[in-house]
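[1] fold the following.
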Amino acid sequence: MTSSPTLDVTGLSCELGGRALLRDVTLTARAGESLAVTGPSGSGKSTLLALLAGLRPAPAGTVRVCGTDTAALRPAKAAAWRLRTIGFVYQAGELLPELSAVENAALPLLIGGTRRTEAYETAGRLLDELGVGAVADSPAGVLSGGERQRVAVARALSTRPPLILADEPTGALDERATDDVCELLYALPARYGTTVLTVTHNPLVAHRADRRLRLHAGRLTEDRAAEADA
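    Reported below is the predicted structural model:
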């Protein structure tokens with residue numbers, strides 16, 4: 001039996017300032033799959049992520065995550081649903097510099113009401129699995145860029161969400177750290193059964209995903225050129 005998709009988008013459209021950022025976007029992604037969306041700066045990649053996460057209402061079309069129509073969520077329940085359903089990884093990690101790595105990784109669990117001891121145990125285990133257990137007690141502000149992103153991935157995974165959205169996760173990293181973070185991100189679907197969707201301007205980052213898509217002039221299409229090069 002085929003499982004229901006993690007992400008099911010139909011007819012998604014959005015305009016900003018009279019310009020169409022998204023035109024009738026359709027997208028389906030399943031558990032254990034990684035996708036990368038490329039496109040020039042200003043093409044709407046971050047807007048697409050915000051709409052997929054329900055952070056912005058979709059002006060037209062439908063976004064379903066694990067069968068839930070994000071437009072149907074009441075504001076009071078949307079944040080709790082998002083906390084357990086979607087993990088986020090941002091360009092610079094967006095960690096709290098005064099907190100330790102393990103404290104940062106445990107934040108979603110603590111916000112969700114998990115007991116402190118259990119939250120820290122889970123966060124510590126994830127940091128170990130992701131190769132940064134040695135810096136668990138170090139303030140996030142002293143970590144390298146690659147270490148911060150690994151902690152950010154641990155934080156995104158802490159609630160075991162079925163969907164992880166990554167917004168230019170290697171944009172602030174050097175070549176070596178970019179390679180390390182790519183290897184980590186694209187290993188998550190097989191390792192944890194998640195769906196990972198990354199938006200990036202870097203074709204080398206996109207090339208490592210299972211599926212590559214391009215956003216251009218509001219249209220989201222499969223990147224056939226990238227597939228031919230694979």
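[2] starting at the chain centroid, how far to the longest helix along the chain?
    Ordering each helix of the chain by length in residues (DSSP state H) puts helix 175-192 first. Taking C-alpha atoms, centre = their mean, to the nearest Å, one finds the center of helix 175-192 at 12 Å from the center of the full chain.
[3] how about it: buried residues?
    Of the residues in helix 175-192, Ala177, Thr178, Asp179, Asp180, Val181, Cys182, Leu184, Leu185, Tyr186, Leu188, Pro189, Tyr192 count as buried by neighbour count, 16 or more other C-beta atoms under 10 Å. Yep, even glycine has a C-beta here, placed from its N, CA and C like the rest.
[4] can you tell me the element the spatially most central residue of the chain falls in?
    By C-alpha atoms, centre = their mean, the mean C-alpha position of the chain lies nearest to Leu165, the distance being 1.5 Å. Using DSSP states H and E, Leu165 maps to strand 163-167.
[5] and that strand, what does it pack onto?
    Contacting strand 163-167 under the criterion 3 or more C-beta pairs under 8 Å, 6 or more residues apart in numbering; DSSP states H and E are the following elements: helix 45-52, strand 86-89, strand 195-199.
[6] most tightly surrounded among those?
    Neighbour counts (mean count of other C-beta atoms under 10 Å) averaged over each of these peak at strand 195-199, with a mean of 26.
[7] for the helix or strand that that strand is followed by, packing partners?
    As assigned by DSSP H and E, the chain's next helix or strand after strand 195-199 is helix 203-206. Contacting helix 203-206 under the criterion 3+ C-beta pairs under 8 Å, 6+ apart are the following elements: strand 34-38, helix 175-192.
[8] the ones you listed: which one's closest to Glu103?
    Shortest separation from Glu103 across those is recorded for helix 175-192, at 20.6 Å, computed as C-beta to C-beta.
[9] just the mean pLDDT for the closest one, thanks.
    pLDDT averaged over helix 175-192 equals 92, rounded to a whole number.
[10] contacts for it, please.
    Contacts to helix 175-192, defined as C-beta atoms under 8 Å, 6 or more residues apart in numbering, come from residues 31-34, 89, 130-131, 144-146, 149-150, 153, 157, 160, 164, 166, 169-170, 173, 194-196, 198, 202, 204-205, 208-210.
[11] list only those of those residues flagged as buried.
    When the contacts of helix 175-192 are checked for burial by 16+ other C-beta under 10 Å, the buried set is 31-34, 89, 130, 145-146, 149-150, 153, 157, 164, 166, 169-170, 173, 194-196, 198, 202, 205, 208-209.
[12] quick one: the nearest residue to Leu95 once chain neighbours are set aside and Gly171, what's the gap?
    Among residues not flanking Leu95 along the chain, Ala140 sits closest, at 4.0 Å (C-beta to C-beta, 6 or more residues apart in numbering). Remark: distance between Ala140 and Gly171 (C-beta to C-beta, to the nearest Å) = 18 Å.
[13] shaky segments in the chain?
    Within the chain, the ranges that satisfy pLDDT under 70 run 1-3, 93, 224-230.
[14] which residue ranges of it form helices?
    Using DSSP H, helices in the chain cover 45-52, 75-85, 101-111, 116-129, 145-157, 175-192, 203-206, 224-229.
[15] ok, for Leu73, nearest residue in space, not its chain neighbours?
    Trp81 (5.9 Å).
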